[in-house]
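Visitor: can't give you the sequence, but here's the structure:
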Ligand code: FAD
Ligand code: NAI
């Protein structure tokens, strides 16, 4: 009895820490549901993807209820918030990935690309010629970098969306620095300057975080290792809009802009990339078109629909409600519009649900759908009045370099006990004015960013590896070889 009580205590504590109070209610529901439930045939669920949305969905399912197959070309989950750090070597890529098979032990995993869906016959076709039947299909294939059709971006731009992008970018950056050292030895200063101009396109969180990490790398490691070319390192951030980090309050964007400038980043606002050539980028600015030489151009200008998602949209058709160019339109229960109720769902970046394409949204959507399935509420899901998905925004945060961060947190998201909202109180208004958000910038923002993303890592193995990588970087600096 003591052991059982201790186990229940640890389980409750774990759920509480993980901000999962709702789960307690669902666990209780599930136990009672199992008592009441009669033996039924396990229905086939096919999940497309192995990212944030797919994994949080599958982890919530009860495998005794469903026959689950996860289909994805990527046999691991990877923790996107620390991808930028892996490009400079603060963390190693291996520390932020987690094998899918360790996380979905009761499901089948098939490493294939889904190519097509037959919505009438309820079949998915994969690139190896494999065909799978489903009763329920969950599309969680994410998004891909958006080039907006700008000439040269596909060919000469470098992306930062997948783990392979991070690895390739790191290798190329270090190779270019070695080339610059050789050019310097030959006295070719123009080439040195061009090679060492790292142009980052996109002042959203990925672009800002990359500029922050890169300027740290340059200041703390590269200038010391390459003293002869140290003065020529340059990071240029190009953004089409008049400010950075537009999902934050304007004051945060202004702070980040000043901070990056103080770190030596040349921030160019109101500058839109029009064309990219092998060594030159053309920018449209208020003053006219500017040409800029670059050594490497990192394209982090937002995400768009994958060709697979587009083909599903086209298959369903505009006449049946698929009218959005960003992804699959879903209703408030994440059912894909224009498909039979309860058959096809979409979550995460490939779904258009009125929420931003973030891990936070994908994770919560996966969890919601998994709970619905786990509770045996697929009947509810095919019910036009099913309980809708409710998003709880917990905050937005980004690393901005030099051990500083920017965080915007909604304190009400952490109060789940039915108390009145924190920001309704007079003391809040007198301290923070007319806002529901707590904004923290500087070293405190960094502490919040780091501790939050550390606590959200998927496994203890990841936490151990990331903590030791951070310690290694703090003590010995970042590895300087492209093979490390
Ligand atoms: P993904 O996680 O991209 O997963 C898609 C999966 O589908 C992958 O496994 C892929 O291999 C698979 N797939 C693709 N095509 C097919 C196919 N045809 N058939 C089968 N499977 C397929 N969000 C935050 O909230 N906070 C952050 O700090 C944050 N930081 C980020 C940092 C970076 C550098 C980037 C790029 C993104 C960041 N995001 C962050 C956004 C976040 O990563 C995405 O919103 C999130 O990954 C979306 O999850 P998803 O499950 O929809 O897609
Ligand atoms: P984004 O869409 O947030 O930002 C892209 C930026 O590029 C925009 O500001 C846009 O104006 C600019 N841009 C587009 N085309 C351009 C052009 N031709 N020339 C110059 N600038 C151009 O994209 P990002 O940063 O890749 O993020 C993608 C998603 O992932 C977002 O939803 C974001 O919220 C999420 N994310 C969240 C993070 C966090 O919370 N810390 C970190 C990274 C990503």
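Guide: Cool, got the structure. Remember, predicted model here, so these are calculated numbers, not experimental data. Ligands and ions are numbered 1, 2, ... in the order given.
Visitor: Going by C-alpha atoms from here, please, whenever you check contacts or count neighbours.
Guide: Will do.
Visitor: So which bits of the stretch 351-484 of the chain are right by ligand 2?
Guide: 356, 357, 358, 396, 397, 398 (C-alpha under 6 Å from any ligand atom).
Visitor: Now the buried members of these.
Guide: 357, 396, 397, 398 (16 or more other C-alpha atoms under 10 Å).
Visitor: need those in TSV with secondary structure, can you?
Guide: Shown next, in TSV, are those (DSSP: H, G, I helix; E, B strand; the rest coil):
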residue	secondary structure
357	coil
396	strand
397	strand
398	strand
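Visitor: Contacts only, for residue 153.
Guide: 147, 275, 276, 299 (C-alpha atoms under 8 Å, 6 or more residues apart in numbering).
Visitor: Surely residue 154 is in contact with residue 145?
Guide: No: the pair residue 154 and residue 145 does not pass the contact test of C-alpha atoms under 8 Å, sitting 9.6 Å apart.
Visitor: Mind checking which of the two has more residues around it?
Guide: Between residue 154 and residue 145, residue 145 has the larger neighbour count (other C-alpha atoms under 10 Å), namely 19 against 16.
Visitor: ok but residue 244 is inside a strand, no?
Guide: No: Residue 244: not assigned to a strand; according to three-state DSSP it is coil.
Visitor: What's the local residue count around it?
Guide: Neighbour number of residue 244 under other C-alpha under 10 Å is 27.
Visitor: what secondary structure does whichever residue of the stretch 1-150 of the chain sits closest to ligand 2 sit in?
Guide: Distance from ligand 2 to each residue of the stretch 1-150 of the chain (C-alpha to the nearest ligand atom) is smallest for residue 81, at 6.0 Å. Here residue 81 is recorded as helix under three-state DSSP.
Visitor: of the residues of the stretch 351-484 of the chain next to ligand 2, closest to residue 424?
Guide: Closest approach to residue 424 among these (C-alpha to C-alpha): residue 396, at 20.9 Å.
Visitor: Show me what that closest one bridges to in the sheet.
Guide: Beta-bridge partners for residue 396, by DSSP bridges, are residue 408.
Visitor: still on that earlier bit, any idea which of the residues of the stretch 351-484 of the chain next to ligand 2 is closest to ligand 1?
Guide: Among those, and counting by C-alpha to the nearest ligand atom, the member closest to ligand 1 is residue 358, at 3.1 Å.
Visitor: re earlier: local confidence estimate at the residue of the stretch 1-150 of the chain closest to ligand 2?
Guide: Turning to residue 81, the model gives it a pLDDT of 97.
Visitor: Report the contact partners of the nearest residue to residue 422 once chain neighbours are set aside.
Guide: Using C-alpha to C-alpha, 6 or more residues apart in numbering and skipping the chain neighbours, the partner closest in space to residue 422 is residue 412 (5.8 Å). Counting by C-alpha under 8 Å, 6+ apart, residue 412 touches 421, 422, 423.
Visitor: buried subset of those residues?
Guide: The buried subset of the contacts of residue 412 - by 16+ other C-alpha under 10 Å - is 422, 423.
Visitor: how about the contacts of residue 412 in a markdown table, adding secondary structure?
Guide: What follows is the contacts of residue 412, written out as a markdown table (three-state DSSP):
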| residue | secondary structure |
| --- | --- |
| 421 | coil |
| 422 | helix |
| 423 | helix |
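Visitor: Residue 150 - how many residues pack around it?
Guide: Residue 150 has 12 nearby residues by other C-alpha under 10 Å.
Visitor: Touching, it and residue 277? I think so.
Guide: No: using C-alpha under 8 Å as the test, residue 150 is too far from residue 277 to be in contact (10.9 Å).
Visitor: any idea how far the residue nearest to residue 280 when sequence neighbours are not counted is from residue 156?
Guide: Spatially, and ignoring its direct neighbours in sequence, residue 280 is nearest to residue 293 (4.4 Å; C-alpha to C-alpha, 6+ apart). The gap separating residue 293 from residue 156 is 13 Å, by C-alpha to C-alpha, to the nearest Å.
Visitor: Of the two, give the one with the bigger neighbour count.
Guide: residue 293 (21 against 18).
Visitor: List the contacts of the more buried one.
Guide: Contacts of residue 293 (C-alpha under 8 Å, 6+ apart): 194, 197, 279, 280, 281.
Visitor: mind checking how far the nearest residue to residue 343 once chain neighbours are set aside is from residue 123?
Guide: Once flanking residues are discounted, residue 343 sits nearest to residue 136: 4.7 Å by C-alpha to C-alpha, 6+ apart. Residue 136 is 10 Å from residue 123, where distance means C-alpha to C-alpha.
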